[in-house]
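# For reference, the sequence and a predicted model appear below.
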Amino acid sequence: MPKSTKRKKTFNILEHELVPKHEIVPPEEAVKILRELGVRPEQLPWIRVTDPVARMLGAKPGDIIRIYRKSPTAGEIVVYRYVVGY
Amino acid sequence: MSELKLIWDWETIKQSIKDLLEQAKQRLPKRIYEELETKLKETTSKYGLTPEEAKKIIEYVLQEYDNSLIEPAEPVGTVAAQSIGEPGTQMTLRTFHYAGVREFNVTLGLPRFIELVDAKKEPSTPIMYIYLDEEHRYDEQKAREVARRIEFTRIVNVASEVDIDLMNFSIIVRLDPVMLEDKGVSIDQVKKTLERLKIGEIEQSPNDPYTIIIKLPPTESISIMDLQKKREKVLNAKIKGIRKIRRVVIQRIGDEYVLVTEGSNLKEVLNVPGVDPTRTITNSIKEIEEVLGIEAARAALIREMKNVLDEQGLDVDIRHLILVADIMTQTGRIRQIGRHGVSGEKLSALARAAFEMTVQNLYEAAASGEEDRLLGVAENVIVGGVVNVGTGMVEVYMNPQPLRQAAEQSRG
């Protein structure tokens, strides 16, 4: 569940220019992506459940998060991170 | 006449090579694809292109793109290390650099780079760049207003002296009018702060408004030590501002005013009214990780490393820095790259022995019965094996079945 019960006047970190767009990949799609990349989920880079952005999205350990990074060389690039609970 | 009709417009070409364009879009990075499309469009309107020519161009671009990709098994980490390390030898060891005229000093050059790569908790000179919102960014007076809200101000900062009066059992705070004005603090604010401490009755001196007397409750057993401690408490009492922000300077960047601070506290500054929280940044990577997450930390790390190198006039391809930042943030936390590599410990006993304390490392490995899978470079050099890099990474497997069949077929 997304954390919306916080005090209302705090800044939404997703709007910060350093934070790229994150989204949770639905499980069916995640399986497809992993097969395409030929990796096991834990071989992806990780993101912690306690990461501020992961918390905003309400991600659970085992989820895969898609990130649209701004890249100085390629314009925009899509990467994935595996949510870990440590 | 029909030959002259062969001037195509881009939309028609686009339609006829739709499939190839779609394929290019899938395979090429966004920026390259966009450039390709705009260039094709331009060329078509300027010089004229036929669909066949456009198709040829796209095919060439795709081929060139594939050729420029890194080869599998290329030791990119080693290449990055060398590409950063060599220019690194030319960096200044000088720690301080004076940014601007009377502003504060910033750690730059090699010490700063080491700090970044070491994933230090706090930079030796924490600095924030606080951008302001639409209302406050164009007016110096309004910028100062926000600056005052942010700058951490204690009694020490506005008092000229704080004395202990043993005769009357009180602490006397003499305020400095100039400092009060500078920090934008009123006497009432000071009085309120002192009241919050709850150590005695607050009284304003009748003949000097800038002198405040704190009358301690009369108790019999109070030592000099206790009084000293109370005085300390008064000195450090917070009037306003944000913890850790020691100094705020207003700087003009482009057409707006930006607050540059000594000390950093991203979490709290983001919620200060008048601040543009979407652009405000700090040079403390750890803080960014905590407040904005690992992806923001990665971006900040790349930006900071690039800034250090640019400032020294060193031209290192940003991809090497991206690789370093990717490795450092791989586990979802900032990991340091220290003397012993990324994780700080090597699995292989031989690799450790090759690095330093050869005998001790081998002795300990032998005593605990360690196993070495010979996966790294150093181990293989020692045993005379093939290094797992480049062409050394592949192995040849042969399937005898088709071979046998071919042999049989040729025999007839």
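Good, I have the coordinates.
# distance of residue B:310 from chain A?
Residue B:310 sits 13 Å away from chain A when distances are taken as Cβ to the nearest Cβ, to the nearest Å. Where C-beta positions appear, they are placed from N, C-alpha and C, glycine not excepted.
# which residues touch that residue?
Listed by Cβ atoms under 8 Å, 6 or more residues apart in numbering or on different chains, residue B:310 has no contact partners.
# That one: helix or strand, and which one exactly?
Secondary structure from DSSP states H and E places residue B:310 in helix B:294-311.
# and the next element down the chain from that helix?
Next along the chain after helix B:294-311, taking DSSP H and E as the criterion, comes helix B:318-328.
# after that next one, next one along is what?
Where DSSP H and E defines the elements, the next helix or strand beyond helix B:318-328 is helix B:349-355.
# And the helix or strand that that following helix is followed by, how far out from the chain middle?
Sequence-wise, the next helix or strand downstream of helix B:349-355 (DSSP H and E) is helix B:358-367. Going by Cα atoms, centre = their mean, to the nearest Å, the spacing between the C-alpha centre of helix B:358-367 and its chain's C-alpha centre is 39 Å.
# what's helix B:358-367 packed up against?
Helices and strands touching helix B:358-367, by 3 or more Cβ pairs under 8 Å, 6 or more residues apart in numbering or on different chains; DSSP states H and E, are helix B:349-355.
# where does residue A:51 fall, phi/psi-wise?
Its backbone dihedrals place residue A:51 at phi -60, psi 140, with angles given as degrees, to the nearest 10.
# Burial check on it, number of neighbours?
Around residue A:51 there are 27 other residues, counting by other Cβ atoms under 10 Å in any protein chain shown.
# what's the nearest residue to it if we skip its chain neighbours?
residue B:293 (4.7 Å; Cβ to Cβ, 6 or more residues apart in numbering or on different chains).
# since we're on the one you found, how many residues are nearby?
By the criterion of other Cβ under 10 Å, residue B:293 has 27 neighbours.
# got it, and residue B:28?
Taking other Cβ under 10 Å as the criterion, the count of residues near residue B:28 is 20.
# Would you confirm that it contacts residue B:64?
No: judged on Cβ atoms under 8 Å, residue B:28 makes no contact with residue B:64 at a distance of 10.3 Å.
# What's the end-to-end length of stretch B:131-141?
Stretch B:131-141 has its terminal residues 15 Å apart, counting by Cα to Cα, to the nearest Å.
# Centre of the chain to it, how far?
What separates the centre of stretch B:131-141 from the centre of its chain is 25 Å, taken as Cα atoms, centre = their mean.
# can you check stretch B:18-26 too?
For stretch B:18-26, the distance between its averaged C-alpha position and the chain's averaged C-alpha position is 37 Å (Cα atoms, centre = their mean).
# Pull it out as CSV, backbone CA atoms only.
The C-alpha coordinates for stretch B:18-26 follow below in CSV (Å, rounded to 0.1, in the frame of the first residue of the first chain):
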residue,chain,number,x,y,z
LYS,B,18,7.9,1.6,-41.8
ASP,B,19,9.1,-1.9,-40.8
LEU,B,20,12.8,-1.0,-41.0
LEU,B,21,12.3,2.2,-39.0
GLU,B,22,10.4,0.2,-36.3
GLN,B,23,13.3,-2.2,-36.1
ALA,B,24,15.8,0.7,-35.8
LYS,B,25,13.7,2.2,-33.1
GLN,B,26,13.9,-1.1,-31.1
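# How about the contacts made by residue B:306?
Contacts for residue B:306 were tallied using Cβ under 8 Å, 6+ apart; they are B:318, B:321.
# For residue B:356, see how far away it is.
Computed as Cβ to Cβ, to the nearest Å, the residue B:306 to residue B:356 distance reads 32 Å.
# on that earlier part again, correct me, but the residue nearest to residue A:51 touches residue A:53?
Yes: Residue B:293 is in contact with residue A:53 according to Cβ under 8 Å; the separation is 3.8 Å.
# overlap in contacts of these two?
Overlap of the contact sets of residue B:293 and residue A:53 (by Cβ under 8 Å, 6+ apart) consists of A:13, A:19, A:47.
# Smallest gap between chain A and chain B, at which residue?
In chain A, the residue found nearest to chain B is residue A:75; the distance is 3.0 Å by Cβ to the nearest Cβ.
# For chain A, which residues are neighbours of chain B?
Neighbours of chain B within chain A, by Cβ under 8 Å from any Cβ of the partner chain: A:9-11, A:13, A:15-20, A:22, A:45-48, A:51-54, A:67, A:69-77, A:81, A:84.
# could you flag which of these are buried?
Among these, those buried by neighbour count (16 or more other Cβ atoms under 10 Å in any protein chain shown) are A:11, A:13, A:16-20, A:22, A:45-48, A:51-54, A:67, A:69, A:71, A:75, A:81, A:84.
# Which of the helices or strands spans residue B:290?
Of the helices and strands defined by DSSP H and E, residue B:290 is found in helix B:285-292.
# quick one: low-confidence parts of chain A?
A:1-9 (pLDDT under 70).
# Quick check, central residue of it?
Centre of chain A computed as the mean C-alpha position; nearest residue by Cα atoms, centre = their mean is residue A:65, 3.2 Å away.
# Run through the neighbouring helices and strands of whichever strand or helix holds residue B:21.
Element membership for residue B:21 (DSSP H and E) is helix B:18-27. Packing partners of helix B:18-27 (3+ Cβ pairs under 8 Å, 6+ apart): helix B:30-46, helix B:51-68.
# between that helix and helix B:30-46, how big is the angle?
150 degrees (axes from the mean of the first three to the mean of the last three Cα atoms, to 10 degrees).
# for chain A, what are the nearby residues on the stretch 251-400 of chain B?
In this structure, the stretch 251-400 of chain B approaches chain A at residues B:270-271, B:277-279, B:281, B:288, B:290-296, B:299-300, B:318-319, B:322, B:326, B:329-333, judged by Cβ under 8 Å from any Cβ.
# Can you give me the neighbour number for the closest residue to residue B:316 other than its chain neighbours?
Setting aside the residues directly before and after it, residue B:316 is nearest to residue B:309 in space (Cβ to Cβ, 6+ apart), at 5.2 Å. Neighbouring residues of residue B:309 were enumerated by other Cβ under 10 Å; the total is 21.
# Can you give me the distance of residue B:309 to residue B:124?
Taking Cβ to Cβ as the measure, residue B:309 falls 18 Å from residue B:124.
# Quick one: residues contacting the closest residue to residue B:41 other than its chain neighbours.
Distances taken as Cβ to Cβ, 6+ apart place residue B:10 nearest to residue B:41, at 4.7 Å, with adjacent residues excluded. The contact partners of residue B:10, by Cβ under 8 Å, 6+ apart, come to B:40, B:41, B:44, B:45.
# Alright, I will stop here.
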